[in-house]
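[1] what follows is a predicted protein model with its sequence.
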Amino acid sequence: MSNQLVICKRNNQILSCLLEDKQLVQINATDLDQESLLGNIYIGKVKNIVKNINAAFVEIADGVMCYLSLENSTPPIFVNNKNTDKVVIGDEIIVQIEKEGIKTKAPVVTSNLAFVGKYAILTYGKTKLGVSNKITDDTHRKALRNVIGAYKSEEYGLVVRTNAEAVSPEVIREEVEMLITKYKRIKEYGIHKTCFSVLDKAPKNYLSDIRDGYDAVIEQIVTDDQEIYDEIKTFLEENQASDVHKLQFYNDRMVSLSNLYSIETKVEKALQERVWLKSGGYLVIQPTEALVVIDVNTGKAIQGKKRAEETFFKINKEAAIEIAKQVRLRNLSGIIIIDFIDVASEAYKEAEMELLRKEFSKDPVKTIVVEMTKLNLVEVTRKKVRKPLHEQMKK
């Protein structure tokens, strides 16, 4: 399997496109004139407390208001001197952007800071030690837990990422120590900064895509922009020296990188409401303000078929595989409702659910197949991080 991360420009945006065997499976867009705030750590000022929802609104820059849930959250690191952990109006606290603002919703911040590396994550406010669920070998999980066990603390926790599965303990230790140094620097020196200061700036989105991509998945990183190439090279040399060899500069003047991989065509297809299946059936994907609705239709697949129940089952299986791909590709999140074609067989229904769980397990973003309701609607939840593709893209 040939897997590439293709990074190019389109309409004043930088597109980061993950291709598996030339098939687009994931895409993120970054505006050149608007930096993402996701992952940034700020000194914010508490402007309002909403008691009935146990939340606060925190200003992180002049006029930039963010939502902070106080439910089950760790007491923040206070910049102002306090004798209590209670958050009140006027407090200056250290917060991190957890979710970008989407449409009318403000960005979400958290006092549970996360310092993300390629192989591990340090979590201030959550002191547990953990290993990615995608690493399934019990012996290996135990060994990895032992590696981070030496750094156990009452202040922070550590999580071993999937990328760490094939690297040496020394590499993991080196990164963990770097993350601890970063955390201590912010805690000890950040509190002396002025309000609205940016204490830590997350890498640009396309650099985060490189950091978060699985080593075993990304075999090549390609760009045709010199400035982007230089930024990626510097990032890799400073953070992932072992991946520098994957970086390539594309300089064919006859065919652009975007045209070589048909990026424009693939993007347009990923924004269409209707997705055709090989069987002749099709999906209708409709994001709304509250949730995403995906409808499975028979289309031309049922024409001339006598055994309708088996045909419906085959279409649903094909749809389950395609739905998991489309949800990741379009970065759909929150509540997702899937309306499969009704089948009477309980065995068929369970098989559809199992296949859906299997396909969603491949998604790097946490996705949970909840249940099938009495109306045969399947409920899925997917963690919200970046904006969905249709909101990221500029026409």
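    Structure's in. What do you need?

[2] need the next SSE after the least confident helix or strand in the chain by mean pLDDT, C-terminal direction.
    Every helix and strand of the chain was ranked by mean pLDDT, DSSP states H and E. The lowest is helix 205-212, at a mean of 86. Proceeding N to C from helix 205-212, the next assigned helix or strand is strand 220-223, under DSSP states H and E.

[3] what's in contact with the helix or strand following that following strand?
    The C-terminal neighbour of strand 220-223 among helices and strands, as given by DSSP H and E, is helix 226-239. Contacts to helix 226-239, defined as C-beta atoms under 8 Å, 6 or more residues apart in numbering, come from residues 7, 9, 14, 117-118, 203-204, 206-207, 210-211, 221, 223, 243-244, 247, 249. (Glycine included, C-beta is placed from N, CA and C.)

[4] make it 6 Å
    7, 207, 223, 243-244, 247, 249 (C-beta atoms under 6 Å, 6 or more residues apart in numbering).

[5] check stretch 178-190 too.
    Outside of stretch 178-190, the residues within contact range by C-beta under 6 Å, 6+ apart are 115, 117, 122, 199.

[6] which strand residues bridge Gln286?
    Bridge pairing for Gln286 (DSSP bridges) gives the partners Val293.

[7] is it true that Gly130 touches Gly157?
    No. The criterion here is C-beta atoms under 6 Å, and Gly130 misses it with Gly157 at 7.2 Å.

[8] what are the ranges of the helices in this protein?
    Using DSSP state H, the helices assigned to the chain run over residues 138-149, 169-189, 205-212, 226-239, 257-260, 263-270, 308-330, 346-360, 389-392.

[9] quick one: average pLDDT of the last one?
    The average pLDDT for helix 389-392 rounds to 88.

[10] that one packs against which elements?
    The contact analysis (3 or more C-beta pairs under 6 Å, 6 or more residues apart in numbering; DSSP states H and E) places helix 389-392 against no helix or strand.

[11] tell me the buried residues in that helix?
    389, 392 (16 or more other C-beta atoms under 10 Å).

[12] now do the longest one
    Using 16+ other C-beta under 10 Å as the test for burial, helix 308-330 gives 311-320, 322-330.

[13] coming back round to it: out of the contacts of stretch 178-190, which is most surrounded?
    Sorting the contacts of stretch 178-190 by how many neighbours each has (other C-beta atoms under 10 Å) puts Leu122 first, at 25 neighbours.

[14] can you pull the contacts of it?
    If a contact means C-beta under 6 Å, 6+ apart, then Leu122 has 115, 156, 158, 179, 183 as its contacts.

[15] the third one and Ile148 touch, don't they?
    Yes. Taking C-beta under 6 Å as the contact criterion, Leu158 and Ile148 are neighbours in contact, 4.4 Å apart.

[16] how much space between Thr181 and Leu207?
    For Thr181, the distance to Leu207 (C-beta to C-beta, to the nearest Å) stands at 20 Å.

[17] the two - which one has more neighbours?
    A side-by-side neighbour count of Thr181 and Leu207, using other C-beta under 10 Å, places Leu207 first with 20 against 11.

[18] could you report the neighbour count for the nearest residue to that one once chain neighbours are set aside?
    Counting by C-beta to C-beta, 6 or more residues apart in numbering, Leu207 lies nearest to Phe235, which is 5.0 Å off, once chain neighbours are set aside. Neighbourhood size, Phe235 [other C-beta under 10 Å]: 20.

[19] do Glu35 as well
    Neighbour count of Glu35, defined by other C-beta under 10 Å: 13.

[20] and Asp62, by the same measure?
    Using other C-beta under 10 Å, the number of residues around Asp62 comes to 6.

[21] next one, pLDDT for it please.
    90.

[22] can you tell me the closest non-neighbouring residue to it?
    Of all residues not flanking Asp62 in the chain, Phe196 sits nearest, at 7.0 Å (C-beta to C-beta, 6+ apart).

[23] so where's the stretch 201-350 of the chain uncertain?
    The model of the stretch 201-350 of the chain has pLDDT under 70 over residues 214-216, 301-306.

[24] rerun that using 90 as the cut-off
    202-206, 208-219, 238-243, 253, 264, 279, 288-290, 298-311 (pLDDT under 90).

[25] tell me who's in contact with Ile97.
    Applying C-beta under 6 Å, 6+ apart to Ile97 gives the contacts 37-38, 40, 107, 109.

[26] farthest pair in those?
    Maximum pairwise distance among the contacts of Ile97 (C-beta to C-beta): 10.8 Å, between Leu38 and Val109.

[27] and the two? Which one has more around it.
    Remark: of Leu38 and Val109, Val109 carries more neighbours, 28 against 17, as counted by other C-beta under 10 Å.

[28] the more buried one contacts Met65, doesn't it?
    No. Val109 is not in contact with Met65 according to C-beta under 6 Å; the separation is 9.9 Å.

[29] mind listing what's buried in stretch 219-238?
    Of all the residues in stretch 219-238, those buried under the rule 16+ other C-beta under 10 Å are 221-225, 228-229, 231-232, 235-236.

[30] just stretch 174-193 next, same as before
    Buried residues in stretch 174-193, counting neighbours by 16+ other C-beta under 10 Å, are found at 175-176, 179-180, 183, 186-187, 190-191, 193.

[31] check stretch 111-131 too.
    111-126, 129-131.

[32] before we move on, what about stretch 22-33?
    Within stretch 22-33, the residues that count as buried by 16+ other C-beta under 10 Å are 24-30.
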